[in-house]
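Trainee: Fold the following, please.
(3 chains)
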Amino acid sequence: MQPLLRVENLVKHYAAGRSAGSRDKLVALDGVSLSIAPQSTLALIGESGSGKSTLALCIACLEHPTSGSIWFEGIDVAALHENQQRKIRPQIQLVFQDPARSLNPRWTALEVASEPLIVRKDTSNQERENKALELLDCVAIPRRLASQRADELSGGQKQRLAIARALALEPKLIVLDEALSALDCSVQAQISNLLLELQSSFGLTYLFITHDFAMAAHVADQIAVMDRGRIVESGPAENILRSPSHEVTRSLFAATLPITETPGVGLEL
Amino acid sequence: MRYLLRRSLHAVFLLLGVSLLTFLFSALAPGNYFDEMRLNPQISPETVAALRAQYQLDRPLPVRYAHWLNAVAHGQMGFSFAYNSPVAPLLWARARNTLLLTVTATLLAWLLALPLGVWSAAGFGRAPDRVVSWTTATLLVIPDLVLALGLLIIAVRTGWFPTGGLTSVGFDELSPLSKLRDLAWHMTLPVIALVLAALPTLVRHVRASVAEVLEAPFLRAALGHGLPHSKLLYVYALRAAANPLISLFGFSVGTLLSGSLLVEVVMSWPGLGPFLLEAILARDLYVVIGGVLLSMIFLVAGNLFSDVLLYWADPRIRTAASAK
Amino acid sequence: MKQRRKLMIWLVILAVLHGIIAAAGFFAPYDPVEQDRERPYLPPMHIHIVDAHGHFHLRPFFYPLRLREGSFDQYEEDTATTVPLRFFERGAAYRVLGFVPSRLHFFGAPGDRVYLLGSDAYGRDELSRILYGGQISLLAGLLGAGVTLFLGALIGMAAGYYGGWRDELLMRIAELFLALPWLYLLFALRAFLPLAVSPLEAFLLVVVVIGMVGWARPARLVRGVVLSVKERDFVRAARGFGASDFYLLRRHILPETASVLLTQAAILVPQFVLAEMTLSFLGLGVPEPMSSWGNLLATLQQYNVLVSYWWMYLPALAIVPFFLGYLSLASALQERAGAYKIEEKGNWNPS
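Mentor: Numbers count the residues shown, from 1 in each chain, chains lettered A, B, ... in the order given. You can find the predicted model right below:
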């Protein structure tokens, strides 16, 4: 089966110096390759600074890579022009880590959920409102909260709203960049379950970025470990969890999973 | 050192840019000095044409600009149509009068603002601060034009001050001391106007900077060491608050030529302001450009001056600059 | 919240002040161009309640002023007749907001003319001229501020959003404009444009010129806001749904600049009104017969007026409450925005 997403040798440099012509550069991605099968979940694990967010932005076509390709359904989206990219973007949606910043706090929940549809321009106000309410239902946000301002919702509700918004344009791939990391433990559990439900309902594919192995273990089919702009280990989830081989994998493993737990057993949250 | 060089280069570019802009602008404007002449039936069109050719008004723009730049490089500033003489000496004479006024006013304003600001900051929230705050607030609300005209009316009705001019009639026959007194008498009103206009902003800035510094722990420590209060305020606090004030001072220096235009016009002080206004109205091209350039030089010099002072006074800037 | 209340108070005060000027037709007893050649340079009249014989009158009144024998500008009260002041009088025709005709005035004196603030060389009522003049001066200031903020917002957004060489170029030009002495630029701009134009054209020219002088500072501030908002996640998210640049600027970025623009408006409007006054005072602004605060003051340039007719200075004081209102509003807005900044008299002393 053809992978939905295939990243090949992605490289991204940032100019780091103060002045415009500076030679210093920050290497965020140093030749990253991975692939995700349709309707599956790839968990990308790494510490902060490993380049995960940069990868997320590039895949979502919000940043231009310095070199390499990103094949989405057979098209190299990295090589497209801005106008063409804009057409592809709705199919790859991003859910950010901090919903307080990724939603415009002054807008109501309904406005936030319906914003992607406004951009579409081919729907009437009523259609948009209906669709937005449906989306809120999907993510279990009670309808009475629809006219609340986004900054008045709880953390978990905000993130559900962000997910609802990501679903609005019926994307094929959703990139979740540390989407659960800012939430309380119990809320994390609820939302990761929600994500799994949505995946089976809508046939979604996830790129689940996290630094937490426990979380990855709960949702992932495949795992890839990233360190300093490179993928150091990847493979099916059970394999990696049972016997992590690379030292980075091992240290992350040790840091986020209790030492006494046997991998693969008793990790259901 | 390289930092200063870079700032100087920046300044030169700024000057060039402004001169180009002014030149372009005035040259593109409809009407020029000789239009007036053309309307005069007594002067033949040939004379007008000849004069225009003499002043090179027929040449294309870039050529005229190049000529002018060349002249400036040699210390000249072009030729005035209205006065039929080189621009530079005319400007200098007027600029001297302006500087007489503004230098006095600036020094006075700063000499008043520093103690007032410090005193106000030291008594933050209490009586002295409130008095100063209210006074500055009141002054801020009265614009320069209103202030200047108001002072003028007071002068006229009380007869305490002259209503204009640099000196009285018969100035040349006075003794040197009387000459000085006469000059001072004429200067008083415009200087008061300028000081009152500048004072509120200065006082507020001093007050804010010093108040901020007074919060700092190192000053509390110094107080604990038993330093006398006034020394603490004037020596330590002020020095720590110096940075924004040095920039402000540079700005004061920079506006020495341009800040007094309105006051000079209202109070009939024969300075650069009224002269330039006249030239603008008469479309005396090179006078206008020369005047603007002169003011710009001061402005840029003022900025540079404060940059140098900051560099010298604040070791943090020196290290930051050399780290680049 | 105390800050909100302060804001509201100043807004109300400003609204009242503007309202009075807007309703100049109602508050002014006479038409500003109506001349009375018999009574040039009349000093402000005294309003009495107790007359010369010690009687108390319920209605305030005044004594008509007649020229003293043998003088041409000394007046004395004629205590023989009393002329009562009546409120809500019918008087000269005017139009409310330019199209609703009315004859109702706040006060008037049937049978004679009351000059509360004196008269000018042609016997025109100063109070009426000040009220009507305010309309011109305030309008010039408001419109000029509108032009500047529009320009500044446009340029600031373009520079901040697109970045790169466009940003560099625009900011260098802004630096140039900021460096030029404000007043000189104003004069030069106005003076180099045609001088002999109709009052309406002159007014528009003044507005445009004033507007083009001050765009640099708002542009810089707006650019700062845009730079910070541009990187926010909700803007990124909107880009993620395929939003166009225009949508992002309009729906997300522009609202964030509102607070900066409002504060700048509060600072700029009074300065621009002052700019109009200065231009008109020097003869470069609105010409007669249109009255503006500036050209009302222009007569003060004549020495005899300065000496003998002090009430011609009063139009200058008219701007003071507006300065107070706007500067206090600006300070309240800045406090609300969280940063306690010191009011800068700022742009006026050229900066």
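
Trainee: Kindly list the longest helix within the chain.
Mentor: Assuming you mean chain A. If you go by DSSP state H, chain A has its longest helix at helix A:185-202.

Trainee: wrong chain, I was asking about chain C
Mentor: Taking DSSP H as the criterion, chain C has its longest helix at helix C:126-162.

Trainee: before we move on, the earlier item: what packs against the longest helix of chain A?
Mentor: Contacts defined by 3 or more C-beta pairs under 8 Å, 6 or more residues apart in numbering or on different chains; DSSP states H and E place helix A:185-202 against helix A:155-167, strand A:205-210, helix A:213-219. Where C-beta positions appear, they are placed from N, C-alpha and C, glycine not excepted.

Trainee: mind redoing it with 7 Å?
Mentor: helix A:155-167, helix A:213-219 (3 or more C-beta pairs under 7 Å, 6 or more residues apart in numbering or on different chains; DSSP states H and E).

Trainee: Out of these, which one sits most buried?
Mentor: With neighbours taken as mean count of other C-beta atoms under 10 Å in any protein chain shown, the helices and strands packed on helix A:185-202 reach their highest mean count in helix A:155-167, at a mean of 24.

Trainee: Residues touching that one, excluding its own?
Mentor: Identification of contacts with helix A:155-167 by C-beta atoms under 7 Å, 6 or more residues apart in numbering or on different chains yields A:93, A:95-96, A:99-100, A:102-103, A:109, A:112-113, A:115-116, A:135-136, A:138-141, A:145, A:150, A:153, A:174, A:179, A:182-183, A:187, A:190-191.

Trainee: go with 6 Å
Mentor: Outside helix A:155-167, the residues that touch it by C-beta atoms under 6 Å, 6 or more residues apart in numbering or on different chains are A:93, A:95, A:99, A:102, A:109, A:112-113, A:135-136, A:139, A:141, A:174, A:183, A:187.

Trainee: Read off the pLDDT value for the residue nearest the centre of chain C.
Mentor: Centroid-nearest residue in chain C: C:Leu138, 2.6 Å away (criterion: C-alpha atoms, centre = their mean). Looking at C:Leu138, its pLDDT is 93.

Trainee: what separates it from chain A, distance-wise?
Mentor: Note on C:Leu138: its distance to chain A, by C-beta to the nearest C-beta, to the nearest Å, is 32 Å.

Trainee: What count of nearby residues applies to the residue in the stretch 51-200 of chain C positioned nearest to chain A?
Mentor: Of all residues in the stretch 51-200 of chain C, C:Glu168 sits closest to chain A, at 8.1 Å by C-beta to the nearest C-beta. Here the number of neighbours of C:Glu168 (other C-beta atoms under 10 Å in any protein chain shown) works out to 12.

Trainee: so what's residue 63 up against?
Mentor: If you meant another chain, say so; for now it's chain A. If you count contacts by C-beta under 6 Å, 6+ apart, A:Glu63 has them with A:Leu57.

Trainee: before we move on, what SS does it have?
Mentor: Following DSSP: H, G, I helix; E, B strand; the rest coil, the label given to A:Glu63 is coil.

Trainee: Point out the residues in the stretch 151-300 of chain C that sit beside chain B.
Mentor: Residues of the stretch 151-300 of chain C found near chain B (C-beta under 6 Å from any C-beta of the partner chain) are C:176, C:179, C:181, C:183-184, C:187-188, C:191-192, C:194, C:274, C:278.

Trainee: Would you format those residues as TSV with secondary structure and neighbour count included?
Mentor: What follows is those, written out as TSV (DSSP: H, G, I helix; E, B strand; the rest coil; neighbours: other C-beta atoms under 10 Å in any protein chain shown):
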residue	secondary structure	neighbour count
C:Leu176	helix	16
C:Ala179	helix	20
C:Pro181	coil	26
C:Leu183	helix	25
C:Tyr184	helix	24
C:Phe187	helix	23
C:Ala188	helix	26
C:Ala191	helix	24
C:Phe192	coil	21
C:Pro194	coil	12
C:Leu274	helix	25
C:Thr278	helix	24
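
Trainee: Most widely separated two among those?
Mentor: Using C-beta to C-beta, the pair of those lying farthest apart is C:Ala179 and C:Pro194, separated by 27.3 Å.

Trainee: which secondary structure element contains the residue most central in space within chain A?
Mentor: For chain A, the residue nearest the mean C-alpha position is A:Leu176 (1.7 Å; C-alpha atoms, centre = their mean). Element membership for A:Leu176 (DSSP states H and E) is strand A:173-177.

Trainee: If we ignore the residues flanking it in sequence, what's nearest A:Pro3?
Mentor: Taking C-beta to C-beta, 6 or more residues apart in numbering or on different chains, and ignoring the residues beside it in sequence, A:Pro3 has A:Ser35 as its nearest neighbour in space, at 4.0 Å.

Trainee: partners of the one you found in the sheet?
Mentor: A:Arg6 (DSSP bridges).

Trainee: Quick one: classify C:Phe88 as helix, strand or coil.
Mentor: Recorded secondary structure, C:Phe88: strand (three-state DSSP).

Trainee: Then C:Glu38?
Mentor: Going by three-state DSSP: C:Glu38 is coil.

Trainee: Apart from its chain neighbours, what residue comes closest to it?
Mentor: C:Gly123 (6.6 Å).

Trainee: and what of A:Met1?
Mentor: Per C-beta to C-beta, 6+ apart, closest to A:Met1 is A:Ala37, 6.1 Å.

Trainee: gap between whichever residue of the stretch 51-200 of chain A sits closest to chain B and chain C?
Mentor: Proximity of the stretch 51-200 of chain A to chain B (C-beta to the nearest C-beta) peaks at A:Thr66, 26.7 Å away. Going from A:Thr66 to chain C by C-beta to the nearest C-beta gives 17 Å.

Trainee: If you tally nearby residues, what's the number for that residue?
Mentor: 16.

Trainee: quick one, phi psi at it?
Mentor: A:Thr66 adopts backbone torsions of phi -70, psi -40, taken as degrees, to the nearest 10.

Trainee: Can you dump the C-alpha atoms of stretch C:117-135 in CSV for me?
Mentor: Listed next in CSV are the C-alpha coordinates belonging to stretch C:117-135 (Å, rounded to 0.1, in the frame of the first residue of the first chain):
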residue,chain,number,x,y,z
LEU,C,117,-16.5,87.7,23.5
GLY,C,118,-16.3,90.9,21.7
SER,C,119,-16.2,91.6,18.0
ASP,C,120,-13.5,91.8,15.3
ALA,C,121,-12.5,94.5,12.8
TYR,C,122,-15.7,94.0,10.8
GLY,C,123,-18.0,93.8,13.8
ARG,C,124,-18.4,90.0,13.5
ASP,C,125,-19.2,88.2,16.7
GLU,C,126,-16.0,86.5,18.1
LEU,C,127,-17.9,83.8,20.0
SER,C,128,-19.7,82.7,16.9
ARG,C,129,-16.5,82.8,14.9
ILE,C,130,-14.7,80.8,17.5
LEU,C,131,-17.5,78.1,17.5
TYR,C,132,-17.7,77.9,13.8
GLY,C,133,-13.9,78.1,13.4
GLY,C,134,-13.7,75.1,15.7
GLN,C,135,-15.5,73.1,13.1
